[in-house]
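*Asks:* Whatever this is, show me its structure:
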Amino acid sequence: MKNLVFVLLLLFSFLLRSENLHLNYIGESNLSYSKPYIYLIEKDHYKTIKIPEQTISEPVYFKFSDSTFYKKFATPSSYAFNVINNKLYLSLNLGGLVYEIKGNEIIRIDHSFEHKMQISSQQFVYDNRIFRFGGYGFWSARNFFTYFDLNSKEWESYSPVRGDRVPPGMFDVNQFINGDDITYFNGVVIDAFDNLKFDRSTEIWHFNLKSKIWDFKGKATLFFGNNPQNFQYDNYYVAFTEERRIIRVNFNNDTYEVFENQAVSSKISPQFKPFVENGIIYFFSNNHANGEIELVSLPIDQFLGKSIKKADFIEKNLWLEYSQVIIGLIALLILVITFYFVIKFRPTKATHIKDKNGVLYVGKAAINFEENELKVLRYLLKNEDVPNSELLEIVEQKGVHFSHNIRVKNDVLNQLNLKLKAILQVDTNFIIFKKSDSDSRLKVYRLNKQYFKVSEAFLGD
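*Replies:* Just a heads-up that it's a prediction; the model follows:
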């Protein structure tokens, strides 16, 4: 109960304090927040509002030495405001011009010109430099970053960038920054076939400011546009739709929620982008009765109201999510199928000599043996150790000298060895000789039969 009373008192104090802080509504004022101050910049002065105390400083009136610039500065809302190293800077939204506020003076510091090439671009501060991304001008849109170097006083291109893809030229796009990471989504692009036609883009692009790598994250499931009141806090991006709905995108899990407290969105002044500090949201509300705006502060949960819907913010793209796994599986399948057919249909080396219809074959090729060669081979296949005399009888020619028959026998054995080596492509002697086990004076021959698979019918011929 005590906790509840404390919360109510705290809330009441914030609401009471916001009711006491009123500002005259000037349509062209520049209202910006840079912790811990809200800066109110008007055409002739500026002042600060300290947060969370909500105390207003005395106005600092500008001293203009150039009447032309004074007339141009009559619209301070056309400048983007930044604080870098406790120095105040204004950069023209159209692109080019940069000013520094020094005391009561506004001093131009750039060496550029009003080029009007970055209309509706996004700007931010990173590494003590003013950055801009995208923007429209002269029937084209930018898809790159530029930054203002405070030392050289020049605008430079932030390049080179890396990645497999880069985004199209965009403007009026939403921007979410988290340290070195920046995300762009729900922007506007130019039609590829008509430079006068603008198209909505639901593409979501991520960029790392250190590695300079672009990464396409997918497409958003809904488009809510770049409302000037859209803001970010913690890991959330809060957007307001044309139907006055409040959308909160969670970039931790890429989901979004729709909240029921839609009435509060119509009260927010378009002059100021809300911000959240320590769970409290600060925004200016229009008071149409007296033409003033008043600073409102209340817990962010109360501002949002009840969540009535939650869904995925990025469309599920199975190919994008699992493409590497799918490609790997397809490559493995192709490899297995290729290996199967190579094994199945590759020419196989015959390893044995077989017979068919009385003819010897290696694989499907018939072997051409001389008559004496075939007789000797068949005899060696039928027997183990064959005496020299038995082989002489097989090749013996009647009426010739004994030495001639010895040469014929040796030639037949040599030819058989050579043919079998060539046919089977092995380096081994198929016919070997040794001394007889029963009589060492006798020579016997033996065939290496491991390369033969012949039938009994062939041996019996």
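*Asks:* what secondary structure does the residue of the chain most remote from its centre sit in?
*Replies:* Computed with C-alpha atoms, centre = their mean, the residue of the chain farthest from its C-alpha average is Gly399, at 92.8 Å. Secondary structure, DSSP: H, G, I helix; E, B strand; the rest coil: Gly399 is coil.
*Asks:* Kindly report the same for Gly328.
*Replies:* Secondary structure assignment for Gly328 (three-state DSSP): helix.
*Asks:* Assumed Tyr340 was part of a helix.
*Replies:* Yes - according to three-state DSSP, Tyr340 belongs to a helix.
*Asks:* Helices along the stretch 151-300 of the chain, start to end?
*Replies:* 300-304 (DSSP state H, counting those that start in this stretch).
*Asks:* pLDDT below threshold where in the stretch 301-450 of the chain?
*Replies:* Within the stretch 301-450 of the chain, the segments meeting pLDDT under 70 span 318-322, 345-350.
*Asks:* all helices for it, in order.
*Replies:* All helices of the stretch 301-450 of the chain, identified by DSSP H, counting those that start in this stretch, fall at 318-345, 371-382, 388-395, 402-424.
*Asks:* what's the closest of those helices to Asn287?
*Replies:* Of all the helices of the stretch 301-450 of the chain, helix 318-345 sits nearest to Asn287, with 48.3 Å by C-beta to C-beta. Where you see a C-beta, it was placed from the backbone N, CA and C, and this is true even at glycine.
*Asks:* Remind me what the closest one packs against, helices and strands.
*Replies:* With contacts taken as 3 or more C-beta pairs under 8 Å, 6 or more residues apart in numbering; DSSP states H and E, helix 318-345 sits against no other helix or strand.
*Asks:* Give me the distance from that helix to the chain's centre.
*Replies:* Here the centre of helix 318-345 is set off from its chain's centre by 22 Å, with C-alpha atoms, centre = their mean, to the nearest Å.
*Asks:* can you check stretch 194-207 too?
*Replies:* Chain-centre distance of stretch 194-207: 19 Å, with C-alpha atoms, centre = their mean.
*Asks:* before we move on, what about stretch 303-323?
*Replies:* The chain centroid and the centroid of stretch 303-323 are separated by 19 Å under C-alpha atoms, centre = their mean.
*Asks:* Show me what it is in contact with.
*Replies:* The contact list for stretch 303-323 (C-beta atoms under 8 Å, 6 or more residues apart in numbering) reads 204, 217-222, 238, 246, 248-250, 254-261, 264, 281, 326.
*Asks:* Of these, select the buried ones using a PyMOL command.
*Replies:* In PyMOL, a selection of the buried entries from these looks like this (16 or more other C-beta atoms under 10 Å):
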select buried, resi 204+217+218+219+220+238+246+248+249+256+257+258+259+261+264+281
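*Asks:* Show me this protein divided up by domain.
*Replies:* What automatic domain parsing lists as the domains of the chain is 221-313, 316-346, 353-460.
*Asks:* so how far does the first one reach from one end to the other?
*Replies:* With C-alpha to C-alpha, to the nearest Å applied, domain 221-313 spans 5 Å between its terminal residues.
*Asks:* Over to the longest one?
*Replies:* The separation between the terminal residues of domain 353-460, taken as C-alpha to C-alpha, is 17 Å.
*Asks:* ok, for the residue most central in space within the chain, nearest residue in space, not its chain neighbours?
*Replies:* Ranked by distance to the mean C-alpha position of the chain (C-alpha atoms, centre = their mean), the top residue is Asp215 at 4.9 Å. Excluding the flanking residues, the one nearest Asp215 by C-beta to C-beta, 6 or more residues apart in numbering is His206, at 4.5 Å.
*Asks:* Return the most buried member of the helices of the stretch 301-450 of the chain.
*Replies:* Greatest average neighbour count among the helices of the stretch 301-450 of the chain goes to helix 371-382 (a mean of 18), per mean count of other C-beta atoms under 10 Å.
*Asks:* Can you check what angle separates that helix from helix 388-395?
*Replies:* With axes from the mean of the first three to the mean of the last three C-alpha atoms, to 10 degrees applied, the angle from helix 371-382 to helix 388-395 works out at 140 degrees.
*Asks:* follow-up on the earlier one: looking at the domains of the chain, which is nearest to Lys35?
*Replies:* It's domain 221-313; of the domains of the chain, that one is closest to Lys35 (C-beta to C-beta) at 7.3 Å.
*Asks:* For the helices of the stretch 301-450 of the chain, give me a markdown table that also has distance to Phe275.
*Replies:* Formatted as a markdown table, these follow (distance: least, C-beta to C-beta, whole Å):
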| stretch | distance to Phe275 |
| --- | --- |
| helix 318-345 | 34 |
| helix 371-382 | 100 |
| helix 388-395 | 109 |
| helix 402-424 | 88 |
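*Asks:* for the stretch 51-200 of the chain, which spans come out with low pLDDT?
*Replies:* 65-70, 72.
*Asks:* follow-up on the earlier one: tell me who's in contact with the residue nearest to Asp215.
*Replies:* Counting by C-beta under 8 Å, 6+ apart, His206 has contacts Asp181, Ile182, Thr183, Trp214, Asp215, Phe216, Lys217.
*Asks:* what sits opposite the first one in the beta ladder?
*Replies:* Meaning Asp181. With DSSP bridges as the criterion, Asp181 is bridged to Asn178, Asn208.
*Asks:* burial of it, as a residue count?
*Replies:* Look at Asp181: counted by other C-beta atoms under 10 Å, it has 15 neighbours.
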